[in-house]
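Engineer: Provide a 3D model corresponding to the input given below.
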Amino acid sequence: MFEDVDKAGNERGPVRLLRAYPVPGYQRDVLQPSLVVELRCPPLASITLAMLQSVDKCFARAAPGYGAAGIAAAVQGHPVIARLVHLTLEILRTGGMPAFSDAKVIRFASAESVMLALPAMSQEPKETWMVLHWAVRTFNLAASGASVQPAYDNLPTVLRTLEAQAPKGINSLRFLQAAHEAGIPWRQVLNNVFQFGWGSQARWLDSSLTDETPNISARFARNKQATALLLRNAGLPAPVHEIARDAAHALKLADKLGYPVVVKPANLDGGHGVTAGINDAKGVSAAYAKASKLSQQVLVEKHFEGNDYRLQVFKGEVFWVTHRVPASVTGDGRSTVRELLDATNADPSRGAVGGLKRIEYDDEAASMLADQGLDLVAVPPAGMFVRLRGAANVATGGVPVPALEHAHPDNLALAGRAARLLRLDIAGVDLLIPDIKRSWLESGALICEVNSQPQLYPHLPAELLKRLVRGQGRIPVVGVLGTDRGGAWLDGLQTRLAGHGICVGLATPRRVTIAGQPVAAGEPDVFRAGMMLLGDTQVETAIFVVSAKESVASGLPVDRFDVLVLEGPCADVAAGGWGEWRAVAVELAACSKSVVINQDCLEWGALGASLVNSRVTACPAAALEDTMYRMLTEVEP
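Structural biologist: Below you'll find the predicted structure:
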């Protein structure tokens, strides 16, 4: 896929991309798929300070996060490689890609040639290749003194391509980041569906939709009219509204319900197209035009006056409450509304990725100001709350304020019941209520929306993962090195573990089985076999017979083995000698909790004593089955 780098547009220059290939599995210290590349860089003696300064200036223009600290933290050993790696990772992250692992030097082939592993999201890391190629091209232009404008002109296309391939919605990237930080293994299943954990402990997520979210519930929740009817029939406070056939009908409905009213799409969430607190026919017409651009079904409902809260629910329990303060400014007695708005939008947290949204001045804002007797040049009194949006959604410039500790238990129970009625495991319940501290049974309230795929505030994906995934989502994983078929003791071990109530997945170069039954034809490599086992929720323990060559070519299906068994000898040892096997054994042992060595295999020699691992166990071949059975039934992963 990546071998013919010259045909990919690789210009002649001081840096050359010699070859590249994908590694879909794990490599040590790269806890996601990767792209392995070989780069030839200019001799150190030919690199001048002026050249590096020119390159740094160009790279900083391309990526705002590029700087000296990132260069220093990147791959050490060559100033050009460090810069290329730093820029590549910065652009990937700017484009929304989950590039969490740092680059890893596999080896320096010479003083000017290096093999690198760069993190990627998918098993076919085209996005990493595209960005690295752009970085090399830009470096060569800058280093040679040529114009870098052709590269800059192409950068928006690169970023758009990244954004199209990146996880969709801010939730997905935050879940992946939280999993990486918590040591929970993750992988892309397909498109925006990601797996967290392995085997029987694994969960799937598409943004905040889970593998337990009923499709019928998600579709139901997107229909505001149907949701309100369901809630009202269950005795919960939900809006009374009707679908407007056209703009004229919307005006008739507003007159019938009585002002103020709310106009919004019937089948969208996230605050898209919502206009609240409308007080006149002109406002209804404008709101209908706005909503009808997004949906053919537009609702008109009676406005309920109250503070806006989002209650996040998981399995019927509210775990977070946010008071959503609508887009607004606060008077200081000196500044005009325009000046206050400019100062608010100048806040660095507004407009940043994943941060608050800037407040746009539009017809709705102008109407809200007029209702308060203000305009852009008015000077509000000190402390005056100047509202600029009817709805309080963060997506339209609102500000979230934590409020869980203040919420009355009745209000928490109300949100939990609404989510249960819709059979939603995760839900965002939007509640209008005068005061969250008082029971809705006393003050009145309105559930204006139940979101089946709620947008989550930055820290909530980590909280949800704790509830969704047990521990780190891992199952016991065993690696066996030094045999090409899997010794007879493995069959006995599977049978005994099955008798203990443990479903075993086994992958050898000759077979892949789950609970003793074949699940694959042919002879898949260890990574593909791993995906078969670790993606199956029946598998409670996985055993992989590892080939030394495969572990290098495709990477391993796991980042670590709980137990590494050094067995042998095997058929392909004679061809390559024991040097390669010993090197691989030392590498894998560093990623294992425990190492079990077959002491009857003399070729391993004194390897056990050389491993810096206090959990090394040596036993004769006849005792491997008993030793492993004891380990796997007594030790948690």
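Engineer: pretty sure Val136 contacts Ala20?
Structural biologist: No: applying C-beta atoms under 8 Å as the test, Val136 and Ala20 come out as separate, 10.9 Å apart. No exception for glycine: its C-beta is placed from N, CA and C like everyone else's.
Engineer: and the nearest residue to Glu301 once chain neighbours are set aside, what's its pLDDT?
Structural biologist: With sequence-adjacent residues excluded and distances taken as C-beta to C-beta, 6 or more residues apart in numbering, Glu301 is closest to His241, at 3.3 Å. Per-residue pLDDT puts His241 at 87.
Engineer: immediately after the lowest-mean-pLDDT helix or strand in the chain, which helix or strand?
Structural biologist: In the chain, no helix or strand scores lower on mean pLDDT, DSSP states H and E than helix 573-576, which sits at a mean of 51. Downstream of helix 573-576, the first helix or strand assigned by DSSP states H and E is helix 578-589.
Engineer: who are the packing partners of that next one?
Structural biologist: strand 477-481, helix 548-553, strand 561-566, helix 607-610 (3 or more C-beta pairs under 8 Å, 6 or more residues apart in numbering; DSSP states H and E).
Engineer: show me what the helix or strand just after it is packed against.
Structural biologist: Sequence order places strand 592-598 as the next helix or strand after helix 578-589, per DSSP H and E. With contacts defined as 3+ C-beta pairs under 8 Å, 6+ apart, strand 592-598 has these neighbours: strand 561-566, helix 607-610, strand 616-619, helix 624-634.
Engineer: quick one: distance of strand 592-598 to the chain centre.
Structural biologist: Its chain's average C-alpha position is 33 Å from that of strand 592-598, according to C-alpha atoms, centre = their mean, to the nearest Å.
Engineer: also stretch 229-243?
Structural biologist: Between the centre of stretch 229-243 and the centre of its chain there are 35 Å (C-alpha atoms, centre = their mean).
Engineer: how long is it end to end?
Structural biologist: End-to-end distance for stretch 229-243, by C-alpha to C-alpha, to the nearest Å: 13 Å.
Engineer: mind listing what's buried along that stretch?
Structural biologist: Using 16 or more other C-beta atoms under 10 Å as the test for burial, stretch 229-243 gives Leu230, Leu231, Leu236, Pro237, Ala238, Pro239, His241, Glu242.
Engineer: likewise for stretch 506-514?
Structural biologist: Going by neighbour count (16+ other C-beta under 10 Å), the buried part of stretch 506-514 is Leu506, Ala507, Thr508, Pro509, Arg511, Val512, Thr513, Ile514.
Engineer: equivalent analysis for stretch 423-434, please.
Structural biologist: Per 16+ other C-beta under 10 Å, stretch 423-434 contains these buried residues: Arg423, Leu424, Asp425, Ile426, Ala427, Gly428, Val429, Asp430, Leu431, Leu432, Ile433.
Engineer: and for stretch 179-196?
Structural biologist: For stretch 179-196, burial by neighbour count (16+ other C-beta under 10 Å) applies to Ala179, His180, Ile184, Pro185, Trp186, Arg187, Gln188, Asn192, Phe194, Gln195, Phe196.
Engineer: tell me which of the residues you listed fall in helices.
Structural biologist: Ala179, His180 (DSSP state H).
Engineer: of the buried residues of stretch 179-196, closest to Pro620?
Structural biologist: Proximity of the buried residues of stretch 179-196 to Pro620 (C-beta to C-beta) peaks at Pro185, which lies at 33.7 Å.
Engineer: show me the contacts for the closest one.
Structural biologist: For Pro185, the contacting residues are Leu31, Ala179, Phe196, Gly197, Trp198, Gln472, Gly473, Arg474, Val558, Asp559, by C-beta atoms under 8 Å, 6 or more residues apart in numbering.
Engineer: what strands line up against the helix or strand where Tyr309 lies, and which way round?
Structural biologist: Tyr309 belongs to strand 307-314 when assigned by DSSP H and E. Within its sheet, strand 307-314 is paired with strand 317-325 (antiparallel), strand 426-433 (antiparallel), according to DSSP bridges.
Engineer: looking at those strands, which is nearest to Lys293?
Structural biologist: Closest to Lys293 of the strands paired with strand 307-314 is strand 426-433 (C-beta to C-beta; 22.1 Å).
Engineer: state the mean pLDDT of the closest one.
Structural biologist: When pLDDT is averaged over strand 426-433, the result is 96.
Engineer: hey, C-alpha coordinates of that strand in PDB?
Structural biologist: Only the C-alpha atoms of strand 426-433 are listed here, as PDB (Å, rounded to 0.1, in the frame of the first residue of the first chain):
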ATOM      1  CA  ILE A 426     -27.600   6.800  28.600                       C
ATOM      2  CA  ALA A 427     -29.800   9.900  28.300                       C
ATOM      3  CA  GLY A 428     -29.600  13.700  28.600                       C
ATOM      4  CA  VAL A 429     -32.800  15.000  30.100                       C
ATOM      5  CA  ASP A 430     -33.400  18.700  29.500                       C
ATOM      6  CA  LEU A 431     -35.500  20.100  32.400                       C
ATOM      7  CA  LEU A 432     -37.000  23.600  32.800                       C
ATOM      8  CA  ILE A 433     -37.700  24.400  36.400                       C
END
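Engineer: list of residues touching it?
Structural biologist: Contacts for strand 426-433 (C-beta under 8 Å, 6+ apart): 208-210, 213, 221, 304-314, 411, 414-415, 418-419, 440, 443-452, 454-455, 464.
Engineer: next helix or strand past it?
Structural biologist: For strand 426-433, the succeeding helix or strand toward the C-terminus, using DSSP H and E, is helix 440-443.
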